[in-house]
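*Asks:* please find the sequence and the predicted model below.
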Amino acid sequence: SGMTAIIGLLILCNSEPETNEYLAEAVTLTLWCLSTGNSRIQVVAKEQNALAPLVDLVKQNPDNSTVMLNGIGALCELCKRNSANKKIVKETNILDWLGGLEEHDNEHLQSQAKLLRAILE
């Protein structure tokens with residue numbers, strides 16, 4: 001499926017700096033768009049083990065607020081009303097890491113970070 005390809009690119013972004021540079025923004029935005037209000041994508045993301053790699057991608061791009069914004073937006077959608085996904089994402093210790101983003105200069109990133117914390121807590 002298309003989702004399998006997106007998850008493959010997500011994993012590639014984590015392992016290949018050049019792929020990350022060119023595709024991380026597009027991959028995270030695509031995941032955010034696909035997952036918005038879509039419980040089927042929540043299930044696919046869990047089944048295909050995409051949640052932890054998405055967290056990794058967000059954490060690996062501290063200088064790219066677009067990747068962080070898109071990735072955190074996607075994580076919010078993937079965890080909304082989905083306790084299994086929340087558990088997986090919480091186990092990555094992302095909550096510790098979100099603290100700095102809640103004070104970020106980018107207001108959109110700041111609000112998504114706060115929203116993800118609210119969803120996970």
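*Replies:* Happy to help now that I have it. Numbering: from 1, shown residues only.
*Asks:* wait, Lys80 sits on Leu120?
*Replies:* No: using Cβ atoms under 8 Å, Lys80 is not in contact with Leu120; the gap is 10.4 Å. C-beta: built from backbone N, CA, C; applies to glycine.
*Asks:* list the contacts of the worst-scoring helix or strand of the chain on mean pLDDT.
*Replies:* When the helices and strands of the chain are scored by mean pLDDT, DSSP states H and E, helix 94-101 comes last with a mean of 88. The contact list for helix 94-101 (Cβ atoms under 8 Å, 6 or more residues apart in numbering) reads 55, 58-59, 68, 72, 75, 109-110, 113, 116-117, 120-121.
*Asks:* the same query, at a cut-off of 10 Å, please.
*Replies:* With Cβ atoms under 10 Å, 6 or more residues apart in numbering as the test, helix 94-101 has contacts from 51-52, 54-56, 58-59, 62, 65, 68-69, 72, 75, 89, 109-114, 116-117, 120-121.
*Asks:* same question for stretch 4-23.
*Replies:* With Cβ under 10 Å, 6+ apart as the criterion, stretch 4-23 contacts 1, 24-28, 30-31, 34, 41, 44-45, 47-50, 52-54, 56-57, 59-61, 64, 67, 71, 74.
*Asks:* tell me which stretches of the protein form helices.
*Replies:* In the chain, the helices defined using DSSP state H lie at 2-15, 17-35, 39-47, 51-59, 65-79, 83-90, 94-101, 107-120.
*Asks:* state the distance from the residue nearest the centre of the chain to Ala113.
*Replies:* Centroid-nearest residue in the chain, with Cα atoms, centre = their mean: Gly71, separated by 3.2 Å. According to Cβ to Cβ, to the nearest Å, Gly71 stands 11 Å off from Ala113.
*Asks:* identify the contacts common to those two.
*Replies:* Taking Cβ under 10 Å, 6+ apart as the contact rule, Gly71 and Ala113 both touch Val58.
*Asks:* which residues touch Ser35?
*Replies:* 3, 41-42, 44-45, 50, 54, 73-80, 85.
*Asks:* try Ala24
*Replies:* 9-10, 12-14, 57-58, 60-61, 64, 66-68, 70-71.
*Asks:* one more time with 7 Å
*Replies:* Cys13, Leu57, Asn61, Asn64, Val67 (Cβ atoms under 7 Å, 6 or more residues apart in numbering).
*Asks:* having no further points to raise, I will conclude here.
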